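Asks: Just the structure for this:
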Amino acid sequence: MAIFDTISFPQTDAITGRPTIDGWTDNIDPGIVTQFAESGYAAGGRIAFAGGAIAPPVTFQCTQVQVNSGADVGLPTLAAGSYLAMGFFCTFDPTFDEQDGLTIALRPDFAAAAHTNARRIDLLPNSTAGAGPASAVIDTIPGAPETYSARLNRDLFNAPTFWKGAGTNANPTDLTQTRWTAIAVNNCFAKCASWHPNVPNTNAKPAQTVPSSPATVFTLAVDDVSQFPDTGNLTVPIVGNPAVTVSYTGRDVPTNTFTGCKVKAGSTGGTADTAAAVELPDLSWSVEVIIPTTAALGGADWVDLTGHFGLYVNLFRSSQFQPTPPAQPHAGFLAAQYRFPLPDASATVANQHFLTGFLDDKLYLGDDWYGQASLLTLTGGVNDAQGVCFQNISSPASSVGVRHPGSPTPSTLTGQIYGTTGTVFPNTLVAQIQNTNPTNAANNVTAEFRFGKWGNPPTAFAQWDPHNPKFTTTPASVPTTVNLAAGGGSAEITADWPNGDVPLVYAGDTCMWVRLDSTSNAAFAQDGVRRNIMFTNLSESEQDATISGSGYPAGSGSHDFLLLTHVRELVGFSRGGDAAIRANLATGAFTEGKGQENVLGWYWVVETFRRTGLEFNVAGQQMEVIDPSPGQFGAFAAHQNDGSDVFQHALWGGGLRRLGNNTYGLRVPHNGEVTIHTWLGAGPPGTVKPPPGSTETGQGGGCLGFLLPLLNWIRSLLK
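Replies: Residues are numbered from 1 along each chain as shown. Alright, predicted model coming up:
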């Protein structure tokens, strides 16, 4: 069962233009500042794999392109004709790996399930093109003030890349059955880009040699270790060679050294580069591919796509964790798979549509795995995936929020709900929506606002509390109902929630899920969005997070989760409140406040994955498949200082186990939940430390009760 299985490829807009196929997709990546925009997907279909955090870790976008000459899309040798253009964006990747990649499968007619009609494309963008110093030229992201060690416009294909279906495609567990035959395709190009976002960093001391062998243990001296966790991974630049991933088991603040260091297998060591940054590994990459829609363009082994064709997409973000976590198979290799159609998290593992086995001619891809994709030029303009959606297509979570009548900024959409204590104002919940269907109006559209505990709440909407929950004695107002005209009609759905009716159970921070519906025959391109991010001004802050085991397939009675933490440094920005912060995050346009104290910003996010027990082999490496459907939670933190302070964070409690590389393991009962503790802090190097008992101190366990000095703590229900 899929919860999202249709997407459209509308033709590119005449004003915003065609995409340039160079690998750069211009999606939101916290900490990346650029004035360059890839506008070619502005009118296209889009899937944001966001589980609550404001910046999706993976995005898939698509459009149909009519090419007059290859120069239209930056590919001089491309023949004129009709093409599909697809952009894939991936961030928060702990390591660049040869096993990072994506698989695209097409069937010319969605209704015709013949496997022999299927065509498959495999792309491995980081096999030769991970960002960083190398023999290839280092590019600047167009319009950006920094290089971010980026590589752009890199050719991608690795052989074999193209396949056509063969045989009967039976028995998915039979790894000896040949299901695909390698083919050649004309007029199909793929380009990739990769870059290092801003993360906590330092510089290596001179005259140090990094070994090539993972068996050699060494110590790395740097300028400052204060903002790094006690154990984890580093990206270390090497003179004349690509940067290497190094694990470390300890850090010594007095001597500013990382101890117990080992390089990732397959590394090329050398002299540590003192001019480039030693960083926490938090990497990004993107891919663009252009595919012919006809056999006349693609060649004898290609197909003619119909108005409704079948499409399956799987972006697999592979990561190697150093040191290898205890009881973790495959030398710490994991593969998070982001799929279209987007499956229901509660479906059986067999119906989750994960790729398993080997990425070769025996790969099983079920005949019922495909979603329906529409080419408007062949459907008479009928767009099955267009309809009601949130107004901010690239960042749907930015289209929901709260206004406060009577406050100093009553028209501003914020991320704060006022309760009964302290400074209070009324709350008006807001969902900004539109109708992108060109011909069908959408009438009687309403929204339901529900709330869950901060962290990873249940996956089922019915398990979240409505905004007039049982805890109140005075019901909150019923949301308004709106009518949306065809072809761009827009409106706001609002619901008043008096601050006196907000129950104390919501003290602190929590999550909001907005779901749209209609009593008329309205089409929906997007019917819901989650927010799961708090906005905090801090010197230190502490917050409980709840991880739910509800909404997943029943198995052994519990679920094993992996939690990955990420920190992004953001350039100085003005103190315009959380609304300004949110707007700046959406655009990447952070600017230092003039005439004000310097404010540093950090984007802290925790990705949560469910371990499936499945295995996937890419480029000779066996990996464990992990499911990203639990989503993310996090905080956007601001800190006033002179620019020299550092940021630290910690997770502990609830049976949380530190596995290295800022990775934690957690077991959650099926249909139960576990509460863990989170801590964020900023201050002068060497003075800001996690509370006693946190995992960062190495003592394990831990409890609340640590008195925290807070600066203007912003309590937010909308994350």
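Asks: contacting residues for Val606?
Replies: Contacts for Val606 (Cβ atoms under 8 Å, 6 or more residues apart in numbering) come out as Ala545, Leu563, Leu564, Thr565, His566, Gln632, Phe633, Gly634, Leu651, Thr678. C-beta: built from backbone N, CA, C; applies to glycine.
Asks: go on, Thr77?
Replies: Contacts of Thr77 by Cβ under 8 Å, 6+ apart are Gly70.
Asks: picking up where we left off before, which members of the contacts of Val606 are positioned in strands?
Replies: Ala545, Leu563, Leu564, Thr565, His566, Gln632, Phe633, Gly634, Leu651, Thr678 (DSSP state E).
Asks: now the second one: how far from Ala431?
Replies: If you measure Leu563 against Ala431 using Cβ to Cβ, to the nearest Å, the figure is 30 Å.
Asks: buried set for stretch 164-171?
Replies: Lys164, Gly165, Ala166, Asn169 (16 or more other Cβ atoms under 10 Å).
Asks: By neighbours, which of the contacts of Val606 wins?
Replies: Highest neighbour count within the contacts of Val606: Phe633, with 31 neighbours (other Cβ atoms under 10 Å).
Asks: how about the strands of the stretch 351-500 of the chain, start to end?
Replies: Ranges of strands in the stretch 351-500 of the chain, per DSSP state E, counting those that start in this stretch, are 357-358, 371-375, 388-390, 400-403, 427-435, 442-453, 455-456, 465-466, 482-484, 490-497.
Asks: For Asp517, which of those strands is the nearest?
Replies: The closest of the strands of the stretch 351-500 of the chain to Asp517 is strand 442-453. By Cβ to Cβ, the value is 5.9 Å.
Asks: who does that closest one pair up with?
Replies: Next to strand 442-453 in the sheet, as set by DSSP bridges, lie strand 465-466 (antiparallel), strand 482-484 (antiparallel), strand 510-518 (antiparallel).
Asks: Tell me which residues of that strand come out buried.
Replies: For strand 442-453, by 16+ other Cβ under 10 Å, it's Ala442, Asn443, Val445, Thr446, Ala447, Glu448, Phe449, Arg450, Phe451, Gly452, Lys453.
Asks: tell me the angle it makes with strand 427-435.
Replies: 130 degrees (axes from the mean of the first three to the mean of the last three Cα atoms, to 10 degrees).
Asks: Do I have it right that Phe89 meets Thr59?
Replies: Yes - under the criterion of Cβ atoms under 8 Å, Phe89 makes contact with Thr59 at 4.4 Å.
Asks: so what sits against both of those two?
Replies: Thr25, Asn27.
Asks: Mind putting the buried residues of stretch 164-171 into a markdown table with pLDDT and secondary structure?
Replies: A markdown table is the format used below for these (pLDDT from 0 to 100; DSSP: H, G, I helix; E, B strand; the rest coil):
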| residue | pLDDT | secondary structure |
| --- | --- | --- |
| Lys164 | 97 | strand |
| Gly165 | 97 | strand |
| Ala166 | 95 | coil |
| Asn169 | 92 | coil |
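Asks: With respect to Thr420, which of the residues you listed is nearest?
Replies: Among the buried residues of stretch 164-171, and counting by Cβ to Cβ, the member closest to Thr420 is Asn169, at 60.6 Å.
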